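Chemist: A predicted structure for the sequence below; I have some questions about it.
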Amino acid sequence: MTAFLHQFPFAPIDAVLVVPGIAALLLALIPQYKLGSRVNMLASGLTFLCALTLLIERPDPAVSFLFVDDLNVVFIVLGTFVGFTTSIFSASYIGHEIEIGRLKPGYIRFYHGMYQALSFSMNLGLTANNVGLMWVAVELATLTTVLMVGLYRTQAALEAAWKYFILGSVGIALALFGTILIYMAARPVIGEGHDAMVWTTLIANAAAFSPELLNVAFVFLMLGYGTKVGLAPLHAWLPDAHAEGPTPISAVLSGLLLNVALYALLRFKMLLAANPFAVAPGPLLVTLGLVSLIFAAFMLYLRRDIKRLFAYSSIEHMGLIAFAFGMGGPLANFAGLLHMTMHSLTKSAIFFAVGQVAQVKGTQKIADIRGLTESHPTLGWSLVVGVAAIAGLPPMGIFTSEFLLVSSTFAREPLLAIPLVVGLLLAFGALIWRLTGVAFGKPSSSVVDAGRRPSMLPLIIHLVLVLIAGIYLPGPLVAWFQNVARMLG
Amino acid sequence: MERFSLDAAHLLAGGMVLVSFMMLYQNRILGLLNVFAAHAVVLSLSVAWQAYVQAAPHLFVTAAIALLLKAITIPVALHHMVLRLGVHRDIETVGGIGPTMLMGMGLVALSMVVMLPAAAEADPIAREDLALALSVILLGLLMMVTRQNAISQIVGFMSLENGLVLAATGARGMPLVVEISVAFSVLVAFIVIGVFLFRIRERFDTIDTQALDDFREGRE
């Protein structure tokens, strides 16, 4: 297998960047919607396949700006998979948006090019072996998503994009300051130049860094990348960006971009943990995570827009994940990783469903969407399954990870488990309450549905995967996650 | 010489903090743009001085970019745009100028208290530069928070980026990131100017200020 891989002109790790990079340029030249969406799917699928080969073959970190280890390969495979399924969903969804005239055909080249540019920048952020390069990639991902959120050019979309741009840029600026401080801390130990920003060198020498500088750096990095993760109180951009952008972008934002920022945060957490005198990063993450969880759980009750509802649910779940990684230890880290994977799959599936709901009902207002299971049985029941999964009902995968997290927290810090459980129950109540209104009862009127129906395939694949993970986790995957959980400390 | 190079570096970095304060009390957009140009000039001088002291010729490129783009091209372009959109009028600050200035002083004190002990082991140029750069960053943030007008928010953000460039050049031998951050700040500026202002016009099919005002006020 590895001999076979060597016959390619690019190593697989380069391919996860080269394929979307070339596709972005190519798609910027294809004005036809059909051809463009097919090339988009093909490129995303190819990127996913290349990412899969990273499971087998790893490049030598000494010769490359890029590197792969057990931690980031989880993010890459998950990210390219969601990117691929979202491109399938996007093909039919955007087709419908053009038919109803919500999206001008002129924006197709822009949309598809940006989709691949986003995929490129996220893969770059995940594979970069240089904290400066990682920062550039996250900034690039922010800019591309800002442009995508404003795609519909409505007042609300422009305002959402502006808010996202301002808050995202401030976050990213603070993260750069943190990155500079990391370099300052590393320079006396490693020496001037590139080496003092290379991740593998940093982590090897972290014990000798000045702990004071590391502490200050982490505060900035956490505020900066934490803004991108969507942790309260830095979350204000997230609901608007999810609600006003095209639905495939909402799915990519929740399923991928939040994870990339989280990945950056985890890397720096590992760096701090490797220094015995630096402040423990865990309690900070636990606090932000709990605040996000409780805050988002209450906000779920007040939402009137269905995409906004699930955007707040993303804040809630990112809070849970931050809490899990903040707790640390093999069990909580395992729960955090599993929860992150399950949340990406489930939340993007929900957005696939919600996008179609908004199309068939012609509105995003929760009050105007009723009786979906009666008027559109397949779509309605898929949404029911998806929401049940995200709310944490067994036997779906999110139940497993939440159960692990709650039980490990009870065993170690019973006092912290109380707000955790309260937050989970509050969010559960809100989601089920909203779901019953939307899914059951007398159906509200639908728009005349002349266009073709979007593909249900990506939605079903995601939900089936989440269901399987809830019932049975394969042994190698468990061993893999346990290994990563140990790495995270 | 050692002593002098240190003092000059601190003088220039301190000058940036001073100009940041001047931006805080500007109440007209055109005045604000002029002060921002001055901010970029001081940044350019400061980076050039660092390039000379550190014997790092590539930093002169950064200084030149700061001068040409941030001190000349972007302010001129924004100036032009403000006149064309007809938005050159008084801008209101949230909470008034006095309290904003007091908060600014608090932020500068905070950055001194945080950075000086934390960077105690770094060389003196870098140590004070970092503290002053953090002050510039925080003042830029303060400006973005206290201004509601889109253009002054952009200016606030660019002054924040100037602070980042100052910090990056103060970190001796920092690779690539200076160039990258400058390139990105330019990109950011163009995206903002191009996309948002012109899309707003496209949307309302008018350059009437009132439409822009309704747009901002209706949503905030």
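Modeler: Looks like it came in fine.

Chemist: Point me to the residue of the stretch 101-250 of chain A nearest chain B.
Modeler: Closest to chain B within the stretch 101-250 of chain A is A:E192: 2.9 Å, counting by Cβ to the nearest Cβ. C-beta coordinates here come from the backbone N, C-alpha and C atoms, glycine included.

Chemist: separation between that residue and A:M184?
Modeler: 11 Å (Cβ to Cβ, to the nearest Å).

Chemist: rewinding a little: since we're on the nearest residue to the residue of the stretch 101-250 of chain A closest to chain B once chain neighbours are set aside, how many residues are nearby?
Modeler: Setting aside the residues directly before and after it, A:E192 is nearest to B:G173 in space (Cβ to Cβ, 6 or more residues apart in numbering or on different chains), at 2.9 Å. Neighbours of B:G173 under the rule other Cβ atoms under 10 Å in any protein chain shown: 13.

Chemist: Next, count neighbours for residue 32.
Modeler: Assuming you mean chain A. 12.

Chemist: hm, I was asking about chain B
Modeler: B:L32: 27 neighbours (other Cβ under 10 Å).

Chemist: How about the one 3 residues further on?
Modeler: By the measure other Cβ under 10 Å, the count of residues near B:V35 is 20.

Chemist: and if you look at A:I56?
Modeler: A:I56: 10 surrounding residues under other Cβ under 10 Å.

Chemist: And it, its phi and psi?
Modeler: For A:I56, the backbone dihedrals are phi -100, psi -50 (criterion: degrees, to the nearest 10).

Chemist: Below-threshold pLDDT in the chain: ranges please.
Modeler: In the absence of a named chain, this looks at chain A. Filtered on pLDDT under 70, chain A yields the residue ranges A:1-10, A:60-64, A:448-453.

Chemist: switch to chain B, that's the one I care about
Modeler: For chain B, the ranges with pLDDT under 70 are B:1, B:85-92, B:176-220.

Chemist: Of all residues in it, which one is closest to chain A?
Modeler: B:G173 (2.9 Å).

Chemist: That residue: what's it in contact with?
Modeler: A:187, A:192-193, A:196, B:54, B:56 (Cβ atoms under 8 Å, 6 or more residues apart in numbering or on different chains).

Chemist: among those residues, which ones are buried?
Modeler: A:187, A:192, A:196, B:54, B:56 (16 or more other Cβ atoms under 10 Å in any protein chain shown).

Chemist: Tabulate the residues you listed (a markdown table), appending distance to A:P283.
Modeler: As requested, the buried ones among the contacts of B:G173 are exported to a markdown table (distance: Cβ to Cβ, whole Å):
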| residue | distance to A:P283 |
| --- | --- |
| A:R187 | 28 |
| A:E192 | 34 |
| A:A196 | 28 |
| B:Q54 | 38 |
| B:A56 | 40 |
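
Chemist: In helices, which of those residues fall?
Modeler: The members of those that map onto helices under DSSP state H are A:187, B:54.

Chemist: Spatially nearest residue to A:P443 (excluding sequence neighbours)?
Modeler: A:G371 (3.3 Å).

Chemist: show me what contacts the one you found?
Modeler: A:380, A:439-444.

Chemist: And those, which is closest to A:L293?
Modeler: A:A439 (24.8 Å; Cβ to Cβ).

Chemist: Quick check: the closest one touching A:L383?
Modeler: Yes - judged on Cβ atoms under 8 Å, A:A439 makes contact with A:L383 at a distance of 6.3 Å.

Chemist: more crowded one of those two?
Modeler: With neighbours defined as other Cβ under 10 Å, A:A439 and A:L383 compare such that A:L383 has more, 26 against 20.

Chemist: What's the local residue count around A:P414?
Modeler: Under the criterion other Cβ under 10 Å, the count of neighbours that A:P414 has is 9.

Chemist: make that A:S313, sorry
Modeler: By other Cβ under 10 Å, neighbour count at A:S313 equals 28.

Chemist: element containing it?
Modeler: helix A:306-327 (DSSP states H and E).

Chemist: After that helix, which helix or strand is next?
Modeler: According to DSSP H and E, the helix or strand after helix A:306-327 is helix A:329-361.

Chemist: Next, the angle helix A:306-327 makes with that following helix.
Modeler: 180 degrees (axes from the mean of the first three to the mean of the last three Cα atoms, to 10 degrees).

Chemist: what's the following helix or strand after helix A:329-361?
Modeler: helix A:372-375.
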